[in-house]
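Student: Predicted model, plus sequence, below.
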Amino acid sequence: MKKVLITGASGFIGSFMVEEALRRNYDVYAGIRKSSSTIYLTDTRIKLVELDFSDVEVLREKLNKLPYFDYIIHNAGLTKGLKKQDYFTSNYEYTKNFIAVLISLNRIPKKFIYMSSLAAFGPGDPLLLQAVKVSDRPQPVTSYGESKLASENFITSLLNFPYIIIRPTAVYGPREKDLLTVFKLINSNLELFVGFKKQHLTFVYVSDLITAVFLAMESTIINRGYFVSDGHVYDGKMFGNSIKMQLQKKTLRLHLPVVFVRLIAILSEATKYIRRKQPVLNLEKIKELESTNWKCDIQPLLDDLNFKPEYNLDRGIQETTAWYRKEKWLK
């Protein structure tokens, strides 16, 4: 039975990866933090492993006691930080530490899957509206994206290190909390839009993303990167309409000027060090919301791995809404 280590296993995407690995009969090791909730990691076949990527010596000692992993999916990372350095510490420095220990212990897996993001490349040209391609020059607009790109550059610079980089667009589905904010607003009969320009958006349902990850992991292909979406392009109103259809709600639509929303974000961020938590509406998020082209080219994924998304937005929103209601995340 092949062994796989999945870091960030307790989170939204990581927990689904663990479930899929079990379904495919892997010997699954779930990398978590000491403070991680294991609410989605209750299967007795899962081997929980506490990993501290901040201390190289402690990490080396821990990994040296573990078996060789055929595959590693490095999904651990920070999506919300109080300051720019937080992103680089968690997403870049910790990734370097992890890989350095693997190399020093001669524990390089058959394939190392790095979970990056479309944010590492940033949005596409707002005038030409062409999809972002792997051949394009990355232009991240957020600290999160910059930190992911730094990790990508480090990984691709390594010799004899078999990697695959996965760059999903906006991921949604059961257990996801960020887009839940939009669901709650619409459930309160309100839709908010930043600015007056039409956004071209892409999404991927979590189970389709997991399929893409395992297709890449189990293929013979190495040293490539892939964008992942459901292959369709949407706008903000289409996204809202899909949610409204499931919630059976009518809404008041408000378009707020970017300057006004940025001011709200500044005021919200003024409390983040007191609360020790980044607010949902922050300056990093504004950069994403005011970017109009989030198209990405998934043709390489279709060609190389025969990836076939099963969920368009309407189907994915339907299942997500049903889960939110079942878990009472939505009334």
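Tutor: Ah, there it is.

Student: what number of residues lie near the nearest residue to Cys296 once chain neighbours are set aside?
Tutor: Leaving aside its chain neighbours, Cys296 sits nearest to Phe227 (3.9 Å; criterion: CB to CB, 6 or more residues apart in numbering). Every C-beta, even on glycine, is put in place using the N, C-alpha and C of the backbone. The number of residues packed around Phe227, counting by other CB atoms under 10 Å, is 28.

Student: Can you verify my assumption that Phe227 contacts Val132?
Tutor: Yes. Judged on CB atoms under 8 Å, Phe227 makes contact with Val132 at a distance of 6.9 Å.

Student: what separates the helix or strand encompassing Met217 from the chain centre, distance-wise?
Tutor: According to DSSP states H and E, Met217 maps onto helix 206-218. Remark: helix 206-218 is offset 13 Å from the chain centroid, using CA atoms, centre = their mean, to the nearest Å.

Student: Now the element after the worst-scoring helix or strand of the chain on mean pLDDT, going C-ward?
Tutor: One helix or strand of the chain scores below all others by mean pLDDT, DSSP states H and E: helix 272-275, with a mean of 67. For helix 272-275, the following helix or strand on the C-terminal side (DSSP H and E) is helix 283-289.

Student: what stretches of the stretch 1-150 of the chain score poorly on pLDDT?
Tutor: Scanning the stretch 1-150 of the chain for pLDDT under 70 picks out no residues.

Student: That one: strands as residue ranges?
Tutor: With strands called from DSSP state E, counting those that start in this stretch, the stretch 1-150 of the chain shows them at 3-7, 27-32, 47-50, 71-74, 111-115.

Student: which outside residues touch the last one?
Tutor: Which is strand 111-115. Applying CB atoms under 8 Å, 6 or more residues apart in numbering, the contact partners of strand 111-115 are 8, 13, 71-75, 77, 95, 99, 102, 151-152, 155, 161-166, 168, 213, 216-217, 222.

Student: tell me the angle it makes with helix 206-218.
Tutor: Computed by axes from the mean of the first three to the mean of the last three CA atoms, to 10 degrees, the angle separating strand 111-115 from helix 206-218 equals 150 degrees.

Student: Within the sheet, what are the partner strands of strand 111-115, with directions?
Tutor: Looking at strand 111-115 with DSSP bridges, its partner strands are strand 71-74 (parallel), strand 163-168 (parallel).

Student: tell me the secondary structure for Val182?
Tutor: Secondary structure state of Val182, per DSSP: H, G, I helix; E, B strand; the rest coil, is helix.

Student: ok, now which ones touch it?
Tutor: When contacts are counted by CB under 8 Å, 6+ apart, Val182 touches 239-240, 243.

Student: hang on, the earlier thing: quick one: the residue nearest to Cys296 from Pro168, how far?
Tutor: To Pro168, Phe227 is 8 Å away according to CB to CB, to the nearest Å.

Student: so what's in contact with the two at the same time?
Tutor: In contact with both Phe227 and Pro168: Leu118, using CB under 8 Å, 6+ apart.

Student: measure the residue nearest to Trp329 when sequence neighbours are not counted to Ser117 for me?
Tutor: Distances taken as CB to CB, 6+ apart place Leu180 nearest to Trp329, at 6.2 Å, with adjacent residues excluded. With distances taken as CB to CB, Leu180 is found 19 Å from Ser117.
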